[in-house]
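Engineer: Quick one, what's the 3D model for this:
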Amino acid sequence: MTKTNADFWFDPACPFAWITSRWILEVEQVRDVSVTWHIMSLAYLNQDKDIDDGYREFLTTAWQPVRVLMAAEQKFGKEVLLPLYTAMGNRIHLEKQDKDRAMIESALAEAGLPVELADAMDDSSYDDAIATSHHLGMDQVGNEVGTPTIAFEGHAFFGPVISKAPRGEDAGRMWDAFVTLSAFEHFSELKRSREHDLDFS
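Structural biologist: I've put the predicted structure just below:
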């Protein structure tokens, strides 16, 4: 059986992308799937949109981790994105740390990367490369979506948005359903209101 290559776009600040990323890591263990990780930016996505003040405030610290991820990718390659994303995500979503330099330096150290890469957090020269990576994913799925975005075998979708990551074979069955729905050319959306709080366990 041929391995399926899936591309996953994430912003480390997004809790929904975080949970979905933990799901697809489970999928890699139970299905013949290999994931390539890509950066997108919620700050870039929403910079010209009419959003509420609370979300605008949230985005003021969203550029910094993404810039550091891009700096790491440019220096060491895409293979460093997942360990750095995981280190950042654990701190942001599980430990509720601020998206500041201390968090970023700690995440870099855990990922085995030079802490000096934290200098990129306030360096807007990385923003063009971030935009390029962002559009590589977002242009496949349209304007009114964000992260998580997954592309595979010529299909790309925003989501799945889940409140808790299934594990083991449950993760595999959800992937199977995702693949089945994606095969229908005219399928675009399946949605309901969220009924559960986000569960990062």
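Engineer: What is the burial count for residue 26?
Structural biologist: If you count neighbours by other C-beta atoms under 10 Å, residue 26 ends up with 19. All C-beta spots, glycine's among them, are computed from the backbone N, C-alpha and C.
Engineer: now do the one 5 residues further on
Structural biologist: The criterion is other C-beta under 10 Å. On that basis, residue 31 has 20 neighbouring residues.
Engineer: Leaving out the residues flanking it, which one is nearest to it?
Structural biologist: residue 172 (5.1 Å; C-beta to C-beta, 6 or more residues apart in numbering).
Engineer: lowest confidence element among the helices and strands of the protein?
Structural biologist: Here the helix or strand of the chain ranked lowest by mean pLDDT, DSSP states H and E is helix 53-59, holding a mean of 85.
Engineer: Any chance you could list what contacts the following helix or strand past that helix?
Structural biologist: Note on helix 53-59: by DSSP states H and E, the next helix or strand toward the C-terminus is helix 63-76. Contacts with helix 63-76, where a contact means C-beta atoms under 8 Å, 6 or more residues apart in numbering, come from 11-13, 39, 41, 43, 80-81, 84-85, 88, 92, 99-100, 104, 108, 111, 113, 117-124, 126-127, 129-130, 133.
Engineer: Among these, which ones are in helices?
Structural biologist: 43, 81, 84, 85, 88, 104, 108, 127, 129, 130, 133 (DSSP state H).
Engineer: any idea how far residue 134 is from the first one?
Structural biologist: When C-beta to C-beta, to the nearest Å is applied, the distance between residue 43 and residue 134 equals 10 Å.
Engineer: Which of these two has more residues huddled nearby?
Structural biologist: Higher neighbour count among residue 43 and residue 134: residue 134, with 25 against 21, using other C-beta under 10 Å.
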